[in-house]
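Following is a predicted model, sequence given first.
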Number of protein chains: 2
Amino acid sequence: MAPTDRAPALGLIGGAGVLPALMAREAQEAGWRVVVFALAEPAALPSVVDRVILFRLGDVGPLLDTLQSEGIRHLVLAGGVRKDGLFQGMPLDGVARALLDQAPDWTDESLLRTASAALESMGIELLDQRRFLGPWLAPAGHLAGPVVDAGLLADARRGLEAARALGRLSIGQTVVVKAGAVVAVEAMEGTDETIRRGLALAGPGASVVKAPAPGHDYRFDVPTVGPDTVARCAAGQARILAVEAKRVLLLDRDTVATEASRAGLTVIGLGETAGDR
Amino acid sequence: MAPTDRAPALGLIGGAGVLPALMAREAQEAGWRVVVFALAEPAALPSVVDRVILFRLGDVGPLLDTLQSEGIRHLVLAGGVRKDGLFQGMPLDGVARALLDQAPDWTDESLLRTASAALESMGIELLDQRRFLGPWLAPAGHLAGPVVDAGLLADARRGLEAARALGRLSIGQTVVVKAGAVVAVEAMEGTDETIRRGLALAGPGASVVKAPAPGHDYRFDVPTVGPDTVARCAAGQARILAVEAKRVLLLDRDTVATEASRAGLTVIGLGETAGDR
């Protein structure tokens, strides 16, 4: 069927969490016909989605067939995808096996770059996720909790500088800072463990800062904070949760506002310029 | 007593570990008269030291008096010093209290900078510890254990680059790397915990790399590895322990060589240039 007589089709490969539903709704409102390839249970997807296809990571052939039959020229990833199965003998179809053979290694980055190159050769573009997540990107300025003084804000700015530098080195996105000193740095242990360790070392009053690398590839994932992050910061008695403005998603702002106020935690978006308190 | 009729006097403030004894012997062989102010039990000091004075961190007045009466114009720190006592109500004499009141805060760096400024105003210079520790600085090249291939060496070089960058940010000195990825980064948890976490995350075959910040102040401390570090690396099945050549001490090389060979761990000094395998 030719796509020209219909709205343009967006393929959405949806993993876990709330992002696939948020993106699907946003894309529909922007005029796209949305075809969801659901890796997780699609319970949370809006009923208005045009088509939902259950999809297994190892079955790449049927996915490509559907992309072509639906006239899909634009694809977007959304939500968490676990690749554990790849390493645990997940059954792979011939197309998946051929793709894996092309990847230089099985790091997330290599697998995704190999996949996006294969899609490009079919005339299918993998889109920047921010195109459909704009409303949930954290703005600059005070977002929740009490207003903080210049001393605490200096810790958050120090953390932003450190997190950006770590990103340039492809190390991690999250740091914990107190009294000007970087207390913990994220590498492969992940954000949750970094926050836990950093706040345990720092004691009450620290700042948790998350900022993606300057060259972060938003086609593959968007760094995100939300009520879970607030709960972790509150448990460790942090004073600030800061994210880089326009570059990190802030989910479920009502819950974030309520829980941050309760915990005396300030949530803040840090921008390039002054005036972001 | 005028110092002119004798060898020049070196004041050595000696903390825990083997470094005070190594430094005292080296300084004596270089022609200094060595007066040791011992913060720890001086059992390990060589009998040839000219004078040993037991000294408590809170008694700064008698220290300054002795520096003057002995004609000491050069002072060097050596070994581990715990400042916990300062925070736990250690009795302080008037001079110590006045010094602490001058420090902007009680970070190690502030306390040491305040102390060195006070010494300078008395005409006493705090010396770079490397002046007396030259023989124990790690040279460039293969130091112990099996020879490694270029792939593993690339991990060590990646770690050196990352550790230097972290140093420029005043974060930490130690990183764990595997297959090109930085697995763990030291901040306030310290070197031992960073090695433990990084090797637990990385599994066998990782590289542990220690390099001081480019602007590291060698008057205050010298980064050090030795048999304990080798044991930690061996326990986590690391393949490489790399240090920045000429900028990190390598203690007890015989034990290091034996234990590294036993564990299949390569110990290496990384220099600025090629040819350091």
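Yep, that arrived. As the structure is a prediction and not an experimental result, all values here were calculated from the model.

Let me see the contact set for residue A:193.
By C-beta atoms under 8 Å, 6 or more residues apart in numbering or on different chains, the contact list for residue A:193 is empty. From N, CA and C alone the C-beta is placed, and that goes for glycine too.

same check, this time on the one 3 residues further on
Residue A:196 is in contact with A:232, A:236, counting by C-beta under 8 Å, 6+ apart.

averaged over its residues, what pLDDT does the host helix or strand of it have?
Here residue A:196 sits within helix A:191-202, counting by DSSP states H and E. Averaged across helix A:191-202, pLDDT comes to 97.

quick one: that helix to helix B:191-202, angle?
Using axes from the mean of the first three to the mean of the last three C-alpha atoms, to 10 degrees, the direction of helix A:191-202 lies 170 degrees away from that of helix B:191-202.

Tell me the residues on the stretch 101-250 of chain A that lie near chain B, please.
A:105, A:107, A:161-162, A:165-166, A:169-172, A:175-176, A:179, A:181-189, A:197-198, A:201-202 (C-beta under 8 Å from any C-beta of the partner chain).

Just the buried ones from the residues you listed?
Buried members of those, scored by 16 or more other C-beta atoms under 10 Å in any protein chain shown, are A:161-162, A:165-166, A:169, A:171-172, A:175-176, A:179, A:181-189, A:197-198, A:201-202.

Let's see which of the residues you listed end up in helices.
A:161, A:162, A:165, A:166, A:197, A:198, A:201, A:202 (DSSP state H).

so can I have a markdown table of those showing distance to residue A:260?
Formatted as a markdown table, these follow (distance: C-beta to C-beta, whole Å):
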| residue | distance to residue A:260 |
| --- | --- |
| A:161 | 23 |
| A:162 | 23 |
| A:165 | 27 |
| A:166 | 25 |
| A:197 | 22 |
| A:198 | 18 |
| A:201 | 22 |
| A:202 | 18 |
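
helices and strands of chain A: which one bottoms out on pLDDT?
When the helices and strands of chain A are scored by mean pLDDT, DSSP states H and E, helix A:84-87 comes last with a mean of 65.

which residues are in contact with the helix or strand just after that helix?
Next helix or strand after helix A:84-87 toward the C-terminus (DSSP H and E): helix A:94-102. Residues from elsewhere that reach helix A:94-102, judged by C-beta under 8 Å, 6+ apart: A:57-61, A:64, A:86, A:92, A:106, A:111, A:114-115, A:118.

and what of stretch A:11-21?
A:23-24, A:27, A:34-40, A:42, A:44-46, A:55, A:67, A:70, A:72, A:74-82, A:124, A:133, A:222, A:224, A:249, A:251-252.

The residue sitting nearest the centre point of chain A is in what secondary structure piece?
Nearest residue to the geometric centre of chain A (C-alpha atoms, centre = their mean): residue A:222, 2.6 Å. Of the helices and strands defined by DSSP H and E, none includes residue A:222.

Could you list every helix and strand that the helix or strand that the helix holding residue A:196 is followed by packs against?
Sequence-wise, the next helix or strand downstream of helix A:191-202 (DSSP H and E) is strand A:207-210. In this structure, strand A:207-210 makes packing contacts with helix A:150-168, strand A:174-178, helix A:191-202, helix A:227-235, strand A:240-244, judged by 3 or more C-beta pairs under 8 Å, 6 or more residues apart in numbering or on different chains; DSSP states H and E.

Could I get these in JSON lines, plus columns for distance to residue A:129?
Listed next are the helices and strands packed on strand A:207-210 as JSON lines, based on distance: least, C-beta to C-beta, whole Å:
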{"stretch": "helix A:150-168", "distance to residue A:129": "17"}
{"stretch": "strand A:174-178", "distance to residue A:129": "19"}
{"stretch": "helix A:191-202", "distance to residue A:129": "18"}
{"stretch": "helix A:227-235", "distance to residue A:129": "19"}
{"stretch": "strand A:240-244", "distance to residue A:129": "16"}
